[in-house]
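1. turn this into a structure:
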Amino acid sequence: MDSALDWHTARALLEWQMELGVTETICDAPINRYELQAAAPKAKRQAEPDIPHKPKEVDPVEEARKAARSAGSLVALREAMAGFEHCDLKKGARNLVFADGQAGARVMIIGEAPGRDEDREGRPFVGRAGQLLDKMLAAIDLSRDSNVYITNVLPWRPPQNRDPLPVEIAMLKPFLQRHVELAQPEVVILMGNISCQAVLGRKGITRLRGNWDEAWGLPVLPMFHPAYLLRQAAAKRLAWADLLEVRARLGAAQ
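-> Numbering: from 1, shown residues only. Just a heads-up that it's a prediction; the model follows:
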């Protein structure tokens, strides 16, 4: 009797086996499954396309900390700030406004941010507010030419003289702190709300002014910004009282 199956019968048997769950058939030659398992990962690796690594996100504040810590002098700090590329304010500013006055002076003044005149000249407090500041300092025998050192929270001018953003203050604060450490003043004067926010973490200059505080191991005194005094002449009386506080503190330290 011929045992060969006709085509239709063979197909029916194959479909029946597939319905039962058969996935493989037995070949004429044996298969070494161990060799297949060892070769599979290698083949998979060769088949996978190369996926580029996602670049590591940069933390601007940490980069500022590293750059500030590496500066061992005021000259090196200025160079580190000039080379800092993570603040967009730099792109729209004409100049880096680093400092003015005498490094190592007993008094250090921290303003807010450069204005148009400061941005053009590359020095802080050179406009009308700067002229008023010079008169205020002269009233208690101080001068940027001899015994005062001046800088700002931000070294670059914000567009349209807007207030600095919190993210900008946080990004550049490590440079400011290092600036104070290298300048080594005896007393720090914070001119305006932005300076108080950056150094003390608080705002409200009307409440803060005239009250001594401490930051970075130094006595600090918040005062009205000269630009505010140009708009509010009545506040000059309070500013005079603050200046007398500064003179008294310097006299007591002699």
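
2. now the strands: where do they sit in the stretch 51-200 of the chain?
-> Secondary structure of the stretch 51-200 of the chain by DSSP state E, counting those that start in this stretch: the strands cover 100-101, 107-111, 148-152, 187-191.

3. which regions of the stretch 51-200 of the chain sit below the pLDDT cut-off?
-> Low-confidence segments of the stretch 51-200 of the chain, defined by pLDDT under 70: 51-55.

4. do a quick rundown of the helices in it.
-> Here the stretch 51-200 of the chain has its helices, by DSSP state H, counting those that start in this stretch, at 60-70, 74-82, 89-92, 116-121, 128-138, 166-183, 193-200.

5. point out the most buried one among these.
-> helix 193-200 (a mean of 23; mean count of other C-beta atoms under 10 Å). Backbone N, C-alpha and C define where each C-beta goes, glycine included.

6. any chance of the strands of the stretch 51-200 of the chain in TSV, with distance to residue 221 too?
-> TSV is the format used below for these (distance: least, C-beta to C-beta, whole Å):
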stretch	distance to residue 221
strand 100-101	17
strand 107-111	10
strand 148-152	14
strand 187-191	5
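
7. ok, which of those strands comes nearest residue 119?
-> In terms of C-beta to C-beta, the element of the strands of the stretch 51-200 of the chain nearest to residue 119 is strand 148-152, at 10.9 Å.

8. direction included, what does that closest one pair up with?
-> Strands that pair with strand 148-152, judged by DSSP bridges, come out as strand 100-101 (antiparallel), strand 107-111 (parallel).

9. give me whichever of these is most buried.
-> Most buried among those, counting by mean count of other C-beta under 10 Å: strand 107-111, with a mean of 26.

10. what lies in contact with that one?
-> Strand 107-111 is contacted from outside by 101, 124-125, 133, 142, 147-153, 176, 180, 183, 185-192, 195, 198-199, 225, 246, 250, using C-beta atoms under 8 Å, 6 or more residues apart in numbering.

11. for those residues, which ChimeraX command selects only the ones that are buried?
-> Buried residues within these, by 16 or more other C-beta atoms under 10 Å, are selected in ChimeraX with:
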select :101,124,125,133,142,147,148,149,150,151,152,153,176,180,183,185,187,188,189,190,191,192,195,198,199,225,246,250
